[in-house]
Every structure is written in structure tokens, then in C-alpha cells.
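Novice: Whatever this is, show me its structure:
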Amino acid sequence: MNKVILLGRLTKNPEIRFSQTNNTKVALFTLAVDRNYVKPGEERQTDFISLVAYSKLADFVEKYLKQGTQICMCGRMQVRNWTDDEGKRRYATDVIAEEIKFAESARKQEESNTDVSTSENSIENIDEQTLTSDDDLPF
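Specialist: This next block holds a predicted model:
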């Protein structure tokens, strides 16, 4: 089984590219994830993990995610390898995003000076209220 679940913040705005083979949209971004364990007398360590999203998920990333946005994501780990110009074998490990959710409310994102579209936040809040209102239940 290859399953990765991460909670963290984007270190910078996503980079958008298109694949050479079939022109698929690709979003590249890095997530800063704090480690749970802190050694006594030391500061908390942070890992910086490379993420990749494709197609519709790349559209979502491009439209809604910015530097500082806190997300929770599920995906899978993938190791790439290639031979560089000097003939050395190189490896890179990426996490391929399969599902992304916002990990904080729109209000908290605004408080942390994240550039988030207020119209989308309003729609999101209305949907939450609609789902929790007993008046709209059919039973």
C-alpha cells in the first residue's frame, strides 16, 4: 500500500506547467510539515515535501492555493530516477496529490494574511450553514 497523508502550509505559490507528452496541466508546490516530536531544548523541525497535482486537481491548486494556505492532502509517494549530464544516477521523491482539503476556515486564512477569494469563502460558508440547518432536512 502506498498512501501519504500530510497537513501543512504551502511555502510559496504553486508553479503551473504542462506535460510535454499530452499537454496535461501539472501543479508543482512544496508543503512545510512540522514534525510531531520536539527534542528537549531544541526547536520544532519542519520537513519540506514536494507535491505534484495533475489535471483537474492542478486546476484547483492553481485557482485556490497560495503561499501560506494550510491544507490536508492524501496521495501516494513516487520516486523518479534519471541519469544526469555527468552520467550519475539521480533520484527524486515526490508526493502525487490525489485529494486536497482546506485545513482552516476562510476567516483564519484571512487573519494569516493569505490571499483568498472572499466570494468563494462566502459560498463555502453558505454551503456549511445549509448542510447544518434542520429546517432544510426532508424528514
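Novice: On the strand side of things, show who the residue lying closest to residue 15 once chain neighbours are set aside bridges to.
Specialist: In space, and not counting its chain neighbours, residue 15 is closest to residue 28: 4.5 Å by C-beta to C-beta, 6 or more residues apart in numbering. Just so you know, the C-beta spots here come from the backbone N, C-alpha and C atoms, and that holds for glycine as well. Note on residue 28: beta-bridge partners by DSSP bridges are residue 15, residue 52.
Novice: Could you measure from residue 28 over to residue 8?
Specialist: 15 Å (C-beta to C-beta, to the nearest Å).
Novice: Out of the two, name the residue with the larger neighbour count.
Specialist: Each of residue 28 and residue 8 has its neighbours counted (other C-beta atoms under 10 Å); residue 8 has more, 21 against 15.
Novice: Helices along the protein, start to end?
Specialist: 55-64, 106-111, 118-132 (DSSP state H).
Novice: hey, what's residue 83 bridged with?
Specialist: residue 89.
Novice: How many neighbouring residues does it have?
Specialist: Per other C-beta under 10 Å, the neighbour tally for residue 83 reads 9.
Novice: likewise residue 97?
Specialist: Other residues close to residue 97 by other C-beta under 10 Å number 24.
Novice: How about residue 70?
Specialist: 18.
Novice: So the residue lying closest to it once chain neighbours are set aside versus residue 68, what's the distance?
Specialist: The shortest distance from residue 70 to any non-neighbouring residue, by C-beta to C-beta, 6+ apart, is to residue 103 (4.3 Å). Here the criterion is C-beta to C-beta. By it, residue 103 lies 12 Å from residue 68.
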